[in-house]
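Visitor: What would the 3D arrangement of this be:
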Amino acid sequence: MRESQNQTLMVLVEWVGSETEAFLAVLIAQVPQARLLLRVN
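Guide: Take a look at the predicted model:
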């Protein structure tokens with residue numbers, strides 16, 4: 001996530017269900033200051 005200090009990172013996630021939701025919750029909680037473009041398929 002250090003690279004997000006230099007440029008926006010794109011994260012692409014395929015929605016699988018509650019496991020995906022849990023992963024996204026952890027990701028958002030752990031990196032609130034990161035510049036992310038989050039795409040969920």
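Visitor: Pull up the pairing partners for the strand or helix carrying M10, direction included.
Guide: According to DSSP states H and E, M10 maps onto strand 9-13. In the sheet, strand 9-13 lines up against strand 36-40 (parallel) (DSSP bridges).
Visitor: just how off-centre is the strand it pairs with within its chain?
Guide: Its chain's C-alpha centre and that of strand 36-40 lie 6 Å apart, by CA atoms, centre = their mean, to the nearest Å.
Visitor: Now V11: closest residue in space that isn't a chain neighbour?
Guide: L38 (5.2 Å; CB to CB, 6 or more residues apart in numbering). Bear in mind the C-beta positions are built from the backbone N, C-alpha and C, glycine included.
Visitor: residues touching that neighbour, list them.
Guide: V11, V13, L24 (CB atoms under 8 Å, 6 or more residues apart in numbering).
Visitor: so which of the residues you listed comes closest to V31?
Guide: V11 (9.8 Å; CB to CB).
Visitor: that older thread, give me the pLDDT for the residue nearest to V11.
Guide: Here the pLDDT value assigned to L38 is 88.
Visitor: swap in E3?
Guide: E3 carries a pLDDT value of 71.
Visitor: So it is in contact with M10, correct?
Guide: No. E3 lies out of contact with M10 (CB atoms under 8 Å); the separation is 11.2 Å.
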